[in-house]
Structures are given as C-alpha cells and as structure tokens.
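Student: Need coordinates for the below:
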Amino acid sequence: MREEEGEAGSLDAGSDRAIFVGRFQPYHRGHHEAVKFILGKYSELVIVVGSAQENYTWENPFTAGERVEMISRCLRRDGLYEKCYVIPVPDILESAVWVKRVVTYSPKVNTVFSNNSLTAVLFKADGFTVKLTPIFGDANATKIREMIAKGDPNWKKLVPADVADFIEAQDLTKRVKELKKIPLWKQNSSNNHVA
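Tutor: Down below sits the predicted model:
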C-alpha cells in the first residue's frame, strides 16, 4: 500500500506523479510498456480508466471493473502496483469541463501522458504539461477485439499473459464475439436496453 504524502516524503503537489488516460478495451502490451516507460521517469502513476460507464458495446466491451482487474493483475505481476493508482472515470458530455472531472477523481498530478489529440488539447488548456508516450509494438485495442471476434488465437500475443488469462477465465471472448454481431447503431444509444 502506498504511503500517504507527509512532511518527510512530500510530493510537492504531484510533481513526481504523472497521469495516463485510456479506455483500455482491452489493456494491451503497448499500454503496459507505456506504463513501465512512465514509471521509469516518475515515482507514481495515476492510470485513468476512461469511459468507465461504457461497457457491453463493440468499442467498449469490458466493464470498468474488468478493465481495472486486467490492469491491476499486470501491475502486481511486475511489482508496479504499489506505485500506481488505477481509477475509473466516467465520461461527461462536455469536453470543456472533462479535465476537471478527471482531476476530481485523481490525486494531484502535473504531467499527463497521452497520444490522444483531444485529451492533449484539453489538458494543455487547463495548464498541464502533456507528453506523448512512445508507441510500443503494433498492439491496438480495435485490432485485438477484431482478432477475438474472428477466433484468431494470436490476439493473446498482443496482451500481457495476465490479461489473456483473465479474458479467457471470465469467458469474455464470447461477449466480444456476440457484440461484433450487433449493428453499431443499436449499441450507441444510452437507452439501448429500452424497447
């Protein structure tokens, strides 16, 4: 468990803590390598599981809890868990105040890592330093979901072993395959469960 900041170990308003925002649908090797890269430069990392309210759609098949579990398993395996906060944050439909939403869920940070252009613009507008994460390998969450939907077992090579084990143990490949069959227009309504 992380020690709370006190006088002896003060982090000076988050100066040695960064934030990494993603949907992690699913958490893949590229994400994990980015986490290790950031932790090579900062003592602590806040991993924001974005779009936390989204699940059971083709673009967001996994629940926030499932994504937190995937990430946490990988962090524990590599001895990084004690240096990280994994925090689910739901979206809001107003980009101008989204950063404030993220900040209210997070410990203090000054630096944001993101390769998403809109995320970078929004955090910069609120005075944060924004840095790009290097691209590690060819893992891509959309590609991985496509491979799962097609029954291609090579998707497991693109995610950490703990993620593959979790997805298989929970039979989440079945969910991904079923969601691929549902037309996107039926998945995008916030009331898609209402007749």
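Student: List the residues that contact residue 49.
Tutor: Residues in contact with residue 49, defined by CB atoms under 8 Å, 6 or more residues apart in numbering, are 22-24, 64, 67-68, 71, 86-89. C-beta here means a position set from N, CA and C on the backbone, and glycine is covered the same way.
Student: now swap in residue 29 and tell me
Tutor: 136-137, 139, 158-160.
Student: so can I have TSV of those residues showing secondary structure?
Tutor: Listed next are these as TSV, based on DSSP: H, G, I helix; E, B strand; the rest coil:
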residue	secondary structure
136	coil
137	coil
139	coil
158	helix
159	coil
160	coil
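Student: Output those in JSON lines; the columns should cover distance to residue 18, neighbour count and pLDDT.
Tutor: Listed next are the contacts of residue 29 as JSON lines, based on distance: CB to CB, whole Å; neighbours: other CB atoms under 10 Å; pLDDT from 0 to 100:
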{"residue": "136", "distance to residue 18": "17", "neighbour count": "15", "pLDDT": "89"}
{"residue": "137", "distance to residue 18": "21", "neighbour count": "11", "pLDDT": "87"}
{"residue": "139", "distance to residue 18": "21", "neighbour count": "21", "pLDDT": "88"}
{"residue": "158", "distance to residue 18": "24", "neighbour count": "20", "pLDDT": "97"}
{"residue": "159", "distance to residue 18": "23", "neighbour count": "25", "pLDDT": "98"}
{"residue": "160", "distance to residue 18": "20", "neighbour count": "24", "pLDDT": "98"}
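Student: What about the contacts of residue 49, which are in strands?
Tutor: Of the contacts of residue 49, the ones assigned to strands by DSSP state E are 22, 86-88.
Student: Compare those residues and tell me which has the most neighbours.
Tutor: residue 22 (25 neighbours; other CB atoms under 10 Å).
Student: For that one, give its distance to residue 113.
Tutor: Using CB to CB, to the nearest Å, one obtains 10 Å as the distance from residue 22 to residue 113.
Student: How about residue 58?
Tutor: Spatial separation of residue 58 from residue 113 under the definition CB to CB is 26 Å.
Student: Compare the two (neighbour count), which wins?
Tutor: Each of residue 58 and residue 113 has its neighbours counted (other CB under 10 Å); residue 113 has more, 26 against 20.
Student: The host helix or strand of residue 174: which residues count as buried?
Tutor: Counting by DSSP states H and E, the secondary-structure element that holds residue 174 is helix 172-181. Within helix 172-181, the residues scored as buried using 16 or more other CB atoms under 10 Å are 172-173, 175-176, 179.
Student: which secondary structure elements does that helix contact?
Tutor: Using 3 or more CB pairs under 8 Å, 6 or more residues apart in numbering; DSSP states H and E, the elements in contact with helix 172-181 are helix 141-150.
Student: and the helix it packs on, average pLDDT?
Tutor: Per-residue confidence for helix 141-150 averages out to 97 on the pLDDT scale.
Student: hang on, isn't residue 119 packed against residue 22?
Tutor: No - counting by CB atoms under 8 Å, residue 119 stays clear of residue 22, with 9.1 Å between them.
Student: Kind regards, and thank you for your time.
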